[in-house]
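Engineer: fold the following and give me the result.
(4 chains, ligands or ions: 4)
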Amino acid sequence: MWALVALWGAATAAFFAQVLLPGDRATIILNIRAGQPIARTPEELADINAAYGLQDPVLVQYWHYLSGLLRGDLGDSYQQHRSVAAIIVEQLAPTLTLTLTAIALAWAIMLVTVVLTAGRPRAGRLASAVEVAAASTPHYWLGIVLLVVFALQLGWFPVVGAGTPAALVLPALTLAVPLAGFLGQSTRSAFETALQQPFVLTARTRGASDLQVRVRHVLRHSLLPAITLSGWALGAIISGAVVVEAVFTRSGIGSVLVTAVNNQDLPIVTGVVVLVAALYVVANLLVDLLHSLVDPRLEQS
Amino acid sequence: MLTVVGIALVAPAALATHDPYALDLGASLQPPGGEHLLGTDVAGRDLWSRVVWGARPALAIGVGAAATSLVLAVVLGVLAALGPRLVAGAVDRVIEVLFSFPSLLLALLLVALLGPSAWTQALAVGIGTAPGYARIIRGQVRAVRSAPYVEAAVALGHTRARILRQHVLPNALRPLVAIAALSVGQSIVWASSLSFLGLGVAPPSPEWGALLDAGRAYVTHAWWLTVVPGVVVVALALAATTVGNHLQAALERSEA
Amino acid sequence: GGSNAGGATPSTAGGASGSDDHIVYAHQQEPPCVFGGWIEQAYLSTQVLDALVSLDADHRVVPWLADSWESSADGLTWTFHLKDGVSFTDGSPLTAQAVAYNFDYWVQGGNSTAAVWLAGYYDSAEAVDSQTLRIHLSRPYPRLAETLTQGYFGIQSQKALTERTAEENCAAPIGTGAFVVDHWTRGQEIVLTRNEEYTSPPANAQHTGPAYVKTLEWRFVPDGTTRVSSLQAGEVDAIYDVPAIDWKGLGEGGYQQLKYVTPGRPQQISFTTTTGPFTDERVRKAFAYSLDRKSLVDTIGRGLIPYEGNGGVSQTTPGYSQEVADAYSFDLPKAEELLQQAGWTGTDPDGVRTKDGQRLTVRFPYATGTIIAADGATILQGVAEQARAAGFDVQLIPVPPSGFWSGLYSTAEERDLSAGYWTSVTAGILWINWRPTTADAPNHNNSAFYDDPVLADLITRANSTSDVAAQNALYAQAQEYIADHALSIGVYDRISTLAVSPRLKGVWQENAQGGPVFYDAHFTR
Amino acid sequence: MSTEIVPVPGQKNGRDAGVETQEESRRSALGQAAGGTATRVGSERGEAGGSEASGRVRVAGLSVSFERDGVVRPVVHDVSFDLGRGECVAIVGESGSGKSVTARTLVGLTGHGAVVEADAVELDGVDVRGFSEADWRRTRGLRVGFVLQDALVSLDPLRPVGKEVEESLRLHGWRDRRARRAKAVELLEQVGVPAADVRARQRPDQLSGGLRQRALIASAIALDPDLVIADEPTTALDVTVQEQVLALLDQTKQRGVSLVLISHDLSVVARLADRILVMRAGRVVESGTTHQVLTDPQHAYTKALLAAVPGEHTRGQRLSPPDEDGAPTAPAPRGSVRPVPDGSGEVEVVLEATGLAKRFSLGGSTTLTAVDDVSFTLARGRTLGIVGESGSGKSTTARLVLGLSAPDAGEVELLGRPWSVLSEAQRRPRRGDISVVYQDPLSSFDPRWTVERIVEDALPRDGGTGRRNRTERRQRVADLLQAVGLPEGTARRAPLRLSGGQRQRVAIARALASEPSVLVLDEAVSALDVSVQAQVLDLLDDLQQRFGLSYLFISHDLGVVYHVSDEVLVMKDGRVVERGTAEEVFERPQQPYTRQLVSALPRLSA
Ligand SMILES: Nc1ncnc2c1ncn2[C@@H]1O[C@H](COP(=O)(O)OP(=O)(O)OP(=O)(O)O)[C@@H](O)[C@H]1O
Ligand SMILES: Nc1ncnc2c1ncn2[C@@H]1O[C@H](COP(=O)(O)OP(=O)(O)OP(=O)(O)O)[C@@H](O)[C@H]1O
Ligand SMILES: [Mg+2]
Ligand SMILES: [Mg+2]
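Structural biologist: Ligands and ions are numbered 1, 2, ... in the order given. From the prediction side, this is the model:
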């Protein structure tokens, strides 16, 4: 239920934010089609206004938009002459692939470092500092550095090689490293708390080794914050993806969004917002599911 | 590190060796060393001096964004946790909607509305990061609200307002100090991402994000233009985070 | 860089894709449609659509879909004789009827840029017979043929235009061209395949028959460094828009370099003449004198970007005046003197000149990411910095694309300076940029807001003069007029550059707008 | 033999290279020892020994200190003891005396930063001082079972208890999952877990404390070790459950397993131990057979410890020696019937509950009746004890009485006037008449506040806020702190830095600040050590005498309730199952449930 409210809220916010933007939308549509930023005469604009109903009162436009949304119709792009749904469906796959790979990579990095270093005085402090640094690294900077070092200088990965798995490595790593820093930070503190728990000692008295205890007992107790964060990360894909897609010249929702905002292609913008809101809903469901899998106690409450 | 930043903020002229804006067309793209400590950009401007002068706008954005974000977060978080049922419910939804709204889109829209500037950046980053903090604060307030010491205060016969003022708010907002420091660092990182997308401060301002963006075109020829501002941004974010952690630890110790 | 210079490694049999039939080309910007009024679209259209005529390297109009053409004595009627036996790729034949339909389609909203070029001249088009097209003009337009060589005038199948959806015509217009749009992966690439039945290359092409390569992968790689790197890594065979900083290195690395200086309006700065400090001609001149434009452009342009002093047209435009280009060379004392004369006598603590307590602040909005690229932005920063020495406080205002397209900062009240270019095959661009605004026809392209009958008269007369030398003389006079009144000063020329792998031969730039042509391209062993 | 360092797992204590070589030789000695489940190392094989052949455990001159940030803090000094097969040695002593540290050292898990020195630490004659981590892993669980303190949190809360029991098996070579599972269920049955196959699939939070403790024991004895170390196996358990656990350990002992039993409560270990070690501040102050120690304690500390156990025999007596902790010297021992300070001889009812009921919704339509038709009266200057097992509704009753939650039925009257029916605003001015002390004082204090602020906050508000008023209030706080026997400097300290007993005193001072008539004490002494508990109970008694307070005293500890109460309510499943004077209830219980409870009451006897 709240999911629907969130969807509606996000869509509405996006719609009105766009409507508030300066400039006449019909003019913009024409200007972009012509590549010249100039004022237009009413005759020039009449066709466009009629085609997209831009002269209707805002509330009427909003109503059209909402009722379209209810029918699952996100409208047509002003510039691409295509349905927004088609554009999104087409661009979602590369972005999702990127994000999911990045989350998986981040988890792998985080798990290894946390399990091996948490609670150890020197290694732990060092790893923690590295995590903070990683978490504070801007995506695009990391991306550029990775691109220059591994693609340009060393030539290990393709520079643009769209679509190939090898081309996914650097972009995913770019998103993964800061995320791993975040995940590591929150997991580490939970991990260290869990390490202090009496049941850890119990396991040790049974003859479990330190590593066994860390992997089999402690880890599970420290996963909840990281899962929550990952849910957020899944939803926050757009912001990260925009940058990474720009640096690595990948297609995807991020670049579609930037172009659409630049072009004031309202149907696309609102469509993407609805999509992201929907992703959040899905991510939240997944997070809840994982939470109760990791901590069955949560299921009852 | 912090002293250098401090000086750069108060008296950049003391640290800078050159005018950060002065062109020196004869000294285009000089590598670090010699007259130019950290090299020059394509127009021959001294990078070190630009980085020094850039600390002010960069930090202004960081602090401005952190302040915006925290004020918003406190208002939303406290309302969502303590407001009358209807209000709390509504604010709760607002937080979730904001949270699910792509923050970058928000920034794009704000920039489109207000034009690119330091203020826009601070506002965009502030609003973008507020929902996350609002959630933390909401959780804190809720946790504190049901803490045994709050019940103890009820049992002592204190009024709601007094309990709120004496116990709930101070304790719930205590982690804010640390969060604030963290958020300054994160905001700078965020803001520099916006600059990268061309939504930043107007050039020729030496704001760090803008420097980074400008250096990108020369990354294979003049690495220093990318590496230096990048390292500076990371270092400052790191410093802010470390300060935040220490503050938090100090707070906890003062309790213990 | 340049490690892969000297050609492909043995494992690479052909192009970047590893095949001899496949070219991978990295372009900078992705347009919303293949056909349209933006130059990015013209570049793409040229691969898919043939135009009536083409421009050769000597700036002569040569046959393409039209074998020959002539204009009537009064200049009001143009007749084009179309090639025989040409078919659109949807099977429908190329007829005069179809071409006439295209003309009407353009002016009725199908292509707003084409419409701008024809506006005021075009009256109607008729098919005399199946292969003879007649265009009726309302006024003489001696340079019509040159104009029609631009990519905006690619001929599409009438059948496709009338029967298919806007979406289909946007993504894959149907022409008679050497390539056909196979598919478009948005955000990534457009894949074009060879038109096996191709019979209508322009007269300035190097061969006849179908193109040499089977497929052309037109990738979109916005970042310059990435484009260069992918070329060096052998991932692509050719790139567009080489960053100035990389130009020299690529040349030394053995890559073929193609550079085309676009005719038309150069990247120039126009003064707002109706309001603000630049209403005073002396202040405009002072600004011009305060700048050392040449060293700025030479340094930042790294020898690739040509300095352009002429604010009217670029050096490759017919009728270009070198004299105008040489005016206003850097002279700071003169600038200061002029400002003094204009009453800007005071100086505030920041070194900004004042007059009656008012600072000499000028607003300079420019469109980031669209009209002004990274190099351009740096040059503008240099301009601002140089003008500061004379006491100008230049406030650069980057305008994001959404604001730019919506016409933000487009009025005289909002700006004192503006920058921009406009590609054109003829100096006729002057008419578009300087035509005065009239009550029934406002000219929003007049970026200096300068309505002057003398200048307008010069340009109109030039436009209607069919003798080329006489026409060019009139155009030169117009440029001088612009310079004399310091209405606009040139900064640098817009260029179109290509870097091509040493193994890929036969790539050339068409001469109307500098777009790459892959019809003759082929790999060598 | 010179003292050496026993390597502590988790940190390599490579102080000298000698340790390494030592380790090598130990490993080879233990190679045989840990060879397989079937072979056990007899003492005769213990090459490194030089010990008595029959000894299961030999500890001699054990000292442990902890090093942190360069500061070395000794916590155990020169502890020595021997333990034979099938024997039980009990280590008793107050909190922090080093019992757990000693026990953990026996399995090489002393802790981070521990420096262990000993003349001998032998298990079955094998010197463990040079054990490598691998040696230890083969020892733990297999040869030594360990039941940790804090039974309630010593099982992984996210895993079914069956899995926890299985883990012991898995770690020691049981590869077959099915066999492991079957064995785990069998073990749970063995320790008396009913419906073991169902329980095995449940997580600790779904089990009662007693079941959790048993599961923990099951995992400790899974591989039939020769030695079981049980650290406080019965704290936080209801008496009945405590009795069952002790019986279980007794069975284990009967099977020939040696037992190290740790407790702070002499009465608990009395049942099982053959010998008792009394520790204080890291040293053994007294040791001997159980009989010796209980009947003829030599050391003053042992005597005090014995005296501090509340129960039947202590009624009307002080529990703690008068000089402890600066507590005010007690009045003379009092008689079993207390004087009513009123003096009129008439009983004044200060608190009356009639037909209280409280239901909780458990989600959906299921409700839980936590309190059901509870009625009682409390007279001025008297103590009403409420006992009952966990979850019987004691705390819920307390909250109803305090007006912190509204009853679904019934009514509470305070000082003869309606109380529970009032609105919170109406109640507020009268809240000073009743106050509360909880089990965990710390969480009931605002963490930012000093003791002074905490107590001052509870003082009744009176008009002016001038400076004079301020100093007066300060003085009042100082008086209160003094009244509860807190040393002078306490006022400015943060509660976190106080000991448990001191904290509880602060809580009591705060409760007294409003000069209440009724004090509700919900498990107010349950978290305290016997000796500290004794002090607090004495203090409460003093205060009652001085101020004529009435106590509603809630505890699951029968001994404590017996000690303090004039009248007693026994609760079960939200209902009062028995009521009467303390003597009636404890000496002549009528209900079977009460009888069962009382029979489990530990008594001091050898
Ligand atoms: N890992 C450790 N690091 C530092 N000090 C410790 C550590 N473990 C125990 N101590 C200290 O050693 C002393 C003895 O602790 P121990 O746990 O043995 O007490 P105990 O007798 O078991 O008390 P209790 O009855 O409260 O369990 C205490 O002062 C304690 O603070
Ligand atoms: N707020 C609540 N919501 C739901 N159930 C509750 C709530 N408070 C108490 N209960 C339930 O009511 C019953 C009685 O709880 P109560 O805390 O009064 O028991 P108790 O006798 O104090 O037990 P203990 O000795 O463990 O403290 C328990 O089953 C408990 O789970
Ligand atoms: Mg202990
Ligand atoms: Mg309770």
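Engineer: please make it C-alpha for all contacts and neighbour counts, starting now.
Structural biologist: OK.
Engineer: if I look at residue D:190, how far off is residue D:271?
Structural biologist: 21 Å (C-alpha to C-alpha, to the nearest Å).
Engineer: between these two, which is the more surrounded one?
Structural biologist: More crowded of residue D:190 and residue D:271, by other C-alpha atoms under 10 Å in any protein chain shown: residue D:271, with 18 against 14.
Engineer: mind checking how far that one is from residue C:324?
Structural biologist: Distance from residue D:271 to residue C:324, by C-alpha to C-alpha: 114 Å.
Engineer: what do you get for residue A:24?
Structural biologist: Remark: distance between residue A:24 and residue C:324 (C-alpha to C-alpha) = 38 Å.
Engineer: residue C:289 contacts residue C:338, correct?
Structural biologist: No: under the criterion of C-alpha atoms under 8 Å, residue C:289 makes no contact with residue C:338, lying 9.3 Å away.
Engineer: of those two, which one has the most company?
Structural biologist: Between residue C:289 and residue C:338, counted using other C-alpha under 10 Å, residue C:289 has the larger neighbour count: 23 against 20.
Engineer: what helix or strand is that one located in?
Structural biologist: Element membership for residue C:289 (DSSP states H and E) is helix C:281-290.
Engineer: distance between the helix or strand following that helix and the chain's centre?
Structural biologist: Next helix or strand after helix C:281-290 toward the C-terminus (DSSP H and E): helix C:293-301. In terms of C-alpha atoms, centre = their mean, to the nearest Å, the centre of helix C:293-301 is set 21 Å apart from its chain centre.
Engineer: which residues belonging to helix C:293-301 are considered buried?
Structural biologist: Buried residues in helix C:293-301, defined by neighbour count with 16 or more other C-alpha atoms under 10 Å in any protein chain shown: C:293, C:294, C:296, C:297, C:298, C:299, C:300, C:301.
Engineer: give me the contacts around it.
Structural biologist: By C-alpha atoms under 8 Å, 6 or more residues apart in numbering or on different chains, the surrounding residues in contact with helix C:293-301 are B:25-26, B:28, B:42-43, C:244-245, C:304-309, C:329-330, C:375, C:378-379, C:382-383, C:491-492.
Engineer: narrow the residues you listed to those in strands?
Structural biologist: With strands taken from DSSP state E, the overlap with those comprises C:491, C:492.
Engineer: out of the contacts of helix C:293-301, which are buried?
Structural biologist: Buried, going by 16+ other C-alpha under 10 Å: B:25, B:28, B:42-43, C:244-245, C:304-309, C:330, C:375, C:378-379, C:382-383, C:491-492, out of the contacts of helix C:293-301.
Engineer: return the distance of residue C:197 relative to residue C:99.
Structural biologist: 20 Å.
Engineer: one step back: so between residue A:24 and residue C:324, which is more surrounded?
Structural biologist: Taking neighbours as other C-alpha under 10 Å, residue A:24 and residue C:324 compare with residue C:324 leading, 23 against 17.
Engineer: buried sites along the host helix or strand of that one?
Structural biologist: Using DSSP H and E, residue C:324 falls within helix C:322-326. For helix C:322-326, a neighbour-count test (16+ other C-alpha under 10 Å) marks C:322, C:324, C:325 as buried.
Engineer: quick one, phi psi at residue C:219?
Structural biologist: phi -90, psi 150 (degrees, to the nearest 10).
Engineer: pretty sure it contacts residue C:23?
Structural biologist: No: Residue C:219 is not in contact with residue C:23 according to C-alpha under 8 Å; the separation is 10.3 Å.
Engineer: residue of the stretch 351-500 of chain C closest to chain A, please.
Structural biologist: residue C:402 (4.1 Å; C-alpha to the nearest C-alpha).
Engineer: can you name every helix or strand that the one helix or strand that residue maps to contacts?
Structural biologist: Using DSSP H and E, residue C:402 maps to helix C:401-405. The contact analysis (3 or more C-alpha pairs under 8 Å, 6 or more residues apart in numbering or on different chains; DSSP states H and E) places helix C:401-405 against helix A:25-34, helix A:253-262.
Engineer: check which element follows it along the chain.
Structural biologist: Immediately after helix C:401-405, counting by DSSP H and E, sits strand C:417-423.
Engineer: using PDB, write down the CA coordinates of stretch C:305-313.
Structural biologist: Extracted in PDB, the C-alpha atoms of stretch C:305-313 (Å, rounded to 0.1, in the frame of the first residue of the first chain):
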ATOM      1  CA  ILE C 305      41.600  25.000 -33.500                       C
ATOM      2  CA  PRO C 306      42.100  27.900 -36.000                       C
ATOM      3  CA  TYR C 307      41.900  31.400 -34.700                       C
ATOM      4  CA  GLU C 308      39.200  33.400 -36.300                       C
ATOM      5  CA  GLY C 309      39.100  37.100 -36.100                       C
ATOM      6  CA  ASN C 310      36.100  37.700 -38.400                       C
ATOM      7  CA  GLY C 311      32.900  37.800 -36.500                       C
ATOM      8  CA  GLY C 312      30.700  37.500 -39.600                       C
ATOM      9  CA  VAL C 313      31.800  34.400 -41.400                       C
END
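Engineer: in what helix or strand does residue D:246 lie?
Structural biologist: helix D:239-254.
Engineer: count of neighbours near residue D:167?
Structural biologist: Applying other C-alpha under 10 Å, we find 22 residues neighbouring residue D:167.
Engineer: hmm, who's touching the helix or strand that it is a member of?
Structural biologist: Assigned by DSSP H and E, residue D:167 belongs to helix D:161-171. The contact list for helix D:161-171 (C-alpha under 8 Å, 6+ apart) reads A:206-208, D:141, D:155-156, D:180-181, D:183-185, D:199-204, D:215-216, D:218-220, D:222-223.
Engineer: those in helices, which ones?
Structural biologist: D:180, D:181, D:183, D:184, D:185, D:199, D:215, D:216, D:218, D:219, D:220 (DSSP state H).
Engineer: quick check: closest non-adjacent residue to the last one.
Structural biologist: Pointing back at residue D:220 there. residue D:145 (4.4 Å; C-alpha to C-alpha, 6 or more residues apart in numbering or on different chains).
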